[in-house]
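S.K.: heads up, no residue letters with this:
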Ligand code: SD4
């Protein structure tokens with residue numbers, strides 16, 4: 001158990017070595033805060049609004065994040081999340097998602113085929129099984145047992161984009177970096193050039209939850225799983241401290257256990273922005289050359305309702321929804 005005394009000790013150490021101001025009392029209070037929900041990318045705006053319908057009525061953050069991310073999951077114009085996601089290099093759509101509640105419960109599915117709304121399957125893994133993660137065929141079997149319908153996910157637009165990619169790609173999957181190189185928005189039918197939705201919410205009771213869902217890296221190797229369904233990598237929530245989520249090249253996020261790191265940095269007194277920036281800097285420090293053509297972004301929300309983001313490259317946006325403004329959209333600061 002993380003005692004208050006230990007917290008203050010660690011925080012003081014962090015403050016003395018890193019010169020970050022620490023307000024231990026602020027971070028660990030259970031005061032009620034006005035609800036807030038934040039999400040990665042522009043498509044977070046409609047997702048946040050759906051979550052807000054629940055939060056604004058005093059609903060639970062967990063219900064809000066599930067309902068919220070189901071919006072991009074169902075959007076047939078969104079080719080990086082859910083139903084209409086781009087397939088892997090073999091033309092198979094595989095979906096990844098995870099969810100985490102205020103009690104530290106979590107559920108996850110990876111490489112799920114033929115089932116839409118992976119976030120809801122992930123929630124059922126959390127609530128109906130003693131496990132955290134189900135993958136591939138087993139995840140599909142579980143979804144079918146839970147009443148989900150088997151369906152073909154590959155849309156005509158996604159199939160067309162995949163066939164275009166096959167002509168030149170030489171089976172070399174690439175992820176987009178918004179300000180250079182590869183732009184999936186140039187591919188036919190893709191309304192968005194951005195990726196995973198990670199959503200974090202604080203409800204009226206002061207409880208935090210998060211959800212993360214994606215079709216992953218377009219045209220990836222079959223069976224490849226990114227950070228998004230991995231608790232601690234693509235998403236982490238600690239109801240005492242805050243939550244974090246990520247987008248971008250999942251392999252780098254997994255290598256650095258990114259979202260867990262962001263939350264632990266907030267525990268040690270960093271603001272959400274500072275924590276996201278430090279997590280990004282760790283990735284850059286390990287691979288400075290590779291980082292020049294790599295995108296990773298983190299988004300974080302703390303127990304006080306403060307939020308922040310940071311990315312390696314320009315172009316990462318995040319949506320913020322509060323009682324005052326349900327359509328907030330911000331450009332994240334970035335290293336480059
Ligand atoms: C993945 N992190 O599968 C996801 C994809 C993504 O911006 O977010 N791209 O690696």
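M.R.: Nice, I can see it. Treat the numbers as computed from the prediction; the structure is a model and nothing was measured.

S.K.: how about the residues of this protein near the ligand?
M.R.: For the chain, the contact set with the ligand under CB under 6 Å from any ligand atom comprises 175, 195-196, 214, 216-217, 226-228, 247-250. C-beta coordinates here come from the backbone N, C-alpha and C atoms, glycine included.

S.K.: rerun at 8 Å
M.R.: When proximity is defined as CB under 8 Å from any ligand atom, the chain approaches the ligand at 40, 80, 96, 175-176, 194-196, 198, 214-217, 220, 224-228, 234, 246-251, 253, 295, 297.

S.K.: From those, which land in helices?
M.R.: The helices, defined by DSSP state H, take in 250, 251, 253 from the residues of the chain next to the ligand.

S.K.: ok so, going back, buried subset of the residues of the chain next to the ligand?
M.R.: If you count burial by 16 or more other CB atoms under 10 Å, the buried members of these come out as 40, 80, 96, 175-176, 194-196, 198, 214-217, 220, 224-228, 234, 246-251, 253, 295, 297.

S.K.: low-scoring pLDDT stretches of the stretch 151-300 of the chain, where are they?
M.R.: Scanning the stretch 151-300 of the chain for pLDDT under 70 picks out 170-194.

S.K.: Apart from its chain neighbours, what residue comes closest to the most centrally placed residue in the chain?
M.R.: Compute the mean C-alpha point of the chain, and by CA atoms, centre = their mean the closest residue is residue 198, 2.7 Å away. Distances taken as CB to CB, 6 or more residues apart in numbering put residue 245 closest to residue 198, at 2.7 Å, once the chain neighbours are dropped.

S.K.: beta partners of that neighbour?
M.R.: residue 235, residue 299 (DSSP bridges).

S.K.: show me the contacts for it.
M.R.: 40, 198-200, 210, 212, 234-236, 259, 298-300 (CB atoms under 8 Å, 6 or more residues apart in numbering).

S.K.: Pull the most distant pair out of these.
M.R.: Across those, the longest distance by CB to CB is 14.4 Å; it joins 40 and 236.

S.K.: and the end-to-end length of stretch 317-334?
M.R.: Using CA to CA, to the nearest Å, the end-to-end distance of stretch 317-334 comes out at 11 Å.

S.K.: Could you check how far it is from the centre of its chain?
M.R.: 15 Å (CA atoms, centre = their mean, to the nearest Å).

S.K.: List the contacts of that stretch.
M.R.: The list of residues contacting stretch 317-334 from outside it, by CB under 8 Å, 6+ apart, reads 34-45, 47-49, 51-52, 56, 194, 273, 277, 297, 299, 307, 309-316.

S.K.: can you give me the helices for the stretch 101-250 of the chain?
M.R.: Listed in chain order, the helices of the stretch 101-250 of the chain (DSSP state H, counting those that start in this stretch) span 118-128, 136-145, 156-168, 250-255.

S.K.: For the first one, name the packing helices and strands.
M.R.: Same thing as helix 118-128. If you count contacts as 3 or more CB pairs under 8 Å, 6 or more residues apart in numbering; DSSP states H and E, helix 118-128 packs onto helix 61-74, strand 95-100, strand 106-112, strand 133-135, helix 136-145, strand 208-214.

S.K.: do the same with the shortest one
M.R.: With contacts defined as 3+ CB pairs under 8 Å, 6+ apart, the secondary structure elements packing on helix 250-255 are helix 272-286.
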